[in-house]
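Trainee: How does the following fold in three dimensions:
(one chain, ligands or ions: 1)
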Amino acid sequence: MKRSVFAASSTLAFVAATLAQAGPEAEVLHWWTSGGEAKSVAVLQQEFAANGGTWTDMPVAGGGGDAAMTALRARVLSGNAPTAVQLKGPAIQEWYEEGVLADISAVAEAEGWDKVLPASIAAHMKCEGQWCAAPVNVHRVDWLWANAEILAANDIAMPTSWDAFNAAADKLMAAGVIPLAHGGQAWQDATIFEVVALGLLGAEDFDKAFVDLDPEVLASDKMVAVFDQMRKMRGYVDSNFPGRDWNLATSMVMNGEAAFQIMGDWAKGEFLAAGKVPGEDFLCASAPGEGFLYNVDSFAMFDVTGSDKQEGQALLAKLIVGQNFQKVFNLNKGSIPARTDVEMDAFDSCAHLSAAEMKTSSEEGTLLPSYAHGMAMRGAQSGAITDVVTAHFNSDMSSADAVEMLVAAVANSL
Ligand code: BGC
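Mentor: Numbers count the residues shown, from 1 in each chain. Below is the predicted model of the structure:
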């Protein structure tokens, strides 16, 4: 008797515990592991939990997400895809074509995403007409960050041309200051390269080279000039650059060990997380040249079974595009909201500059997808270009040879 009462009560306890656990759940694969990034993703975790969700975190360290994408492939191949994955640009379409993405159109339609997202962003989130990803933000890639005190002490203004940048860097070198904080990882080399390329090619030829993969522009004298400038950039980094993570490069600017960094505005998330103030401690400006390179973070939901998981996907998608999350997350992340109806009062001067220049670039036709951050082309092509960029940066290869290699690499990847 005693025994069966005990058994019954333990069964009840088990049922109660199971019920308590039931509800929306999500296993979320992402690469937001730096200080500013972790603070930002915590906003989503908290909102998910506040709405009854159970979050299983799957962070894969490595800026730019290469390691996260390798982890994702392994999980999908073993038939055990995570429920939600930080995924963007053409990679969303590539996974959709594999037949492994869930359709989140019901949430998108119920929430009226078409009315609150710019058409250019919505287009990246749709696969053959159905919604297959939820956008988080708009990061701008073509930024120049600087330590305000170093520039003032050396009587240097934020450069508005690449010649002015080179003159500033030469002056800093002569004064014993590291001009450019950089981490020698392929995606960081690619980031600098595309910013220099936009500046020197101009928006129209950037579009031809890195969206259309036009062999003429890839082989042009202007592209030779881009590699010439990359050779100069190589001379402006310190000797400890190989392998350094991007956020450690940002810290060098923060701590006065280096003057500039070229990086997307996730770098601003690091400055802010460290309590630094834009316009006082650090400066932001669009890198020399026209245009705006956008990089939209988004989450795709993978096809999974189980109502708890599917509920979790729907909740996550709804929260991600929700007004509150878009505001709070982006205040931390350094980006601006993907939604057009978010109150921007609380955002800083760099975010306002980004929003204003995104609008004018869009009107002028110079709003362009970032190749280095997986927005412009498929993996095979962007990988081929980055291999050349990084091989050139890490050797004494001539610009002419680099251009020849670039043309061949792109042709072979098609
Ligand atoms: C992502 C950002 C991230 C950065 C560094 C970019 O590709 O879009 O969200 O902060 O990589 O990891």
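Trainee: From residue 281, how far off is residue 134?
Mentor: 34 Å (Cβ to Cβ, to the nearest Å). Where C-beta positions appear, they are placed from N, C-alpha and C, glycine not excepted.
Trainee: So for these two, which sits in the more crowded spot?
Mentor: Set side by side, residue 134 and residue 281 show more neighbours around residue 134, with 27 against 16, by other Cβ atoms under 10 Å.
Trainee: The more buried one: what's it in contact with?
Mentor: 104, 107-108, 113, 125, 298-300, 316-317, 320-321 (Cβ atoms under 8 Å, 6 or more residues apart in numbering).
Trainee: any chance of those in a markdown table, plus neighbour count, pLDDT and distance to the ligand?
Mentor: Shown next, in a markdown table, are the contacts of residue 134 (neighbours: other Cβ atoms under 10 Å; pLDDT from 0 to 100; distance: Cβ to the nearest ligand atom, whole Å):
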| residue | neighbour count | pLDDT | distance to the ligand |
| --- | --- | --- | --- |
| 104 | 26 | 98 | 20 |
| 107 | 21 | 98 | 22 |
| 108 | 23 | 98 | 21 |
| 113 | 24 | 98 | 20 |
| 125 | 24 | 98 | 15 |
| 298 | 23 | 98 | 9 |
| 299 | 27 | 98 | 11 |
| 300 | 26 | 98 | 14 |
| 316 | 26 | 98 | 17 |
| 317 | 24 | 98 | 18 |
| 320 | 25 | 98 | 13 |
| 321 | 26 | 98 | 16 |
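Trainee: If we only consider these, which is nearest to residue 24?
Mentor: Using Cβ to Cβ, the shortest approach to residue 24 within the contacts of residue 134 belongs to residue 316, at 7.9 Å.
Trainee: wait, the closest one sits on residue 27?
Mentor: No: with contact defined as Cβ atoms under 8 Å, residue 316 does not reach residue 27; the gap is 10.6 Å.
Trainee: Common neighbours of those two, please.
Mentor: With Cβ under 8 Å, 6+ apart, residue 316 and residue 27 have common neighbours 83-84.
Trainee: is stretch 190-209 anywhere near the ligand?
Mentor: No: Stretch 190-209 is not in contact with the ligand by Cβ under 6 Å from any ligand atom; minimum separation 8.7 Å.
Trainee: Now do the same for that stretch: mean pLDDT, whole number.
Mentor: The average pLDDT for stretch 190-209 rounds to 98.
Trainee: got it, and stretch 134-147?
Mentor: In the prediction, stretch 134-147 has an average pLDDT of 98.
Trainee: Just the endpoints, please. Distance across that stretch?
Mentor: Counting by Cα to Cα, to the nearest Å, you get 35 Å between the two ends of stretch 134-147.
Trainee: What is the burial count for whatever residue of the stretch 251-400 of the chain ends up closest to the ligand?
Mentor: Of all residues in the stretch 251-400 of the chain, the one sitting closest to the ligand is residue 266 (3.3 Å; Cβ to the nearest ligand atom). Using other Cβ under 10 Å, residue 266 has 27 other residues around it.
Trainee: and it, how far is that from residue 373?
Mentor: 10 Å.
Trainee: likewise residue 151?
Mentor: For residue 151, the distance to residue 373 equals 27 Å [Cβ to Cβ].
Trainee: Between the two, which is the more surrounded one?
Mentor: Legend: neighbour count by other Cβ under 10 Å for residue 151 and residue 373, higher for residue 373 (25 against 20).
Trainee: Wait, a strand at that one?
Mentor: No: assigned with DSSP: H, G, I helix; E, B strand; the rest coil, residue 373 falls outside any strand and is coil.
Trainee: Can you name the residues that contact it?
Mentor: If you count contacts by Cβ under 8 Å, 6+ apart, then residue 373 has 64, 88-89, 139, 141, 187, 191, 264, 295 around it.
Trainee: most neighbours, which of the residues you listed?
Mentor: residue 191 (31 neighbours).
Trainee: didn't it look like it was pressed against residue 261?
Mentor: No: with contacts counted by Cβ under 8 Å, residue 191 stays clear of residue 261, the gap being 10.0 Å.
Trainee: Just the buried positions in the host helix or strand of residue 223, please.
Mentor: In the assignment (DSSP states H and E), residue 223 maps to helix 221-235. By neighbour count with 16 or more other Cβ atoms under 10 Å, helix 221-235 contains the buried residues 223, 225-227, 229-230, 232-234.
Trainee: Stretch 128-146 now?
Mentor: Going by 16+ other Cβ under 10 Å, stretch 128-146 has these buried residues: 131-146.
Trainee: Count the neighbours of residue 26 for me.
Mentor: Neighbour tally, residue 26, other Cβ under 10 Å: 26.
Trainee: tell me the contacts of it?
Mentor: Contacts of residue 26 by Cβ under 8 Å, 6+ apart are 48, 53-56, 83-84, 309, 312-313, 315-316.
Trainee: what does residue 288 give?
Mentor: 144, 159-162, 164-165, 199.
Trainee: same check, this time on residue 54
Mentor: With the criterion set at Cβ under 8 Å, 6+ apart, residue 54 makes contact with 21, 23-26, 312.
Trainee: Output the contacting helices and strands for whichever helix or strand residue 383 is part of.
Mentor: Element membership of residue 383 [criterion: DSSP H and E] is helix 379-393. Using 3 or more Cβ pairs under 8 Å, 6 or more residues apart in numbering; DSSP states H and E as the contact test, the elements touching helix 379-393 are helix 90-97, helix 186-201, helix 221-235, helix 399-413.
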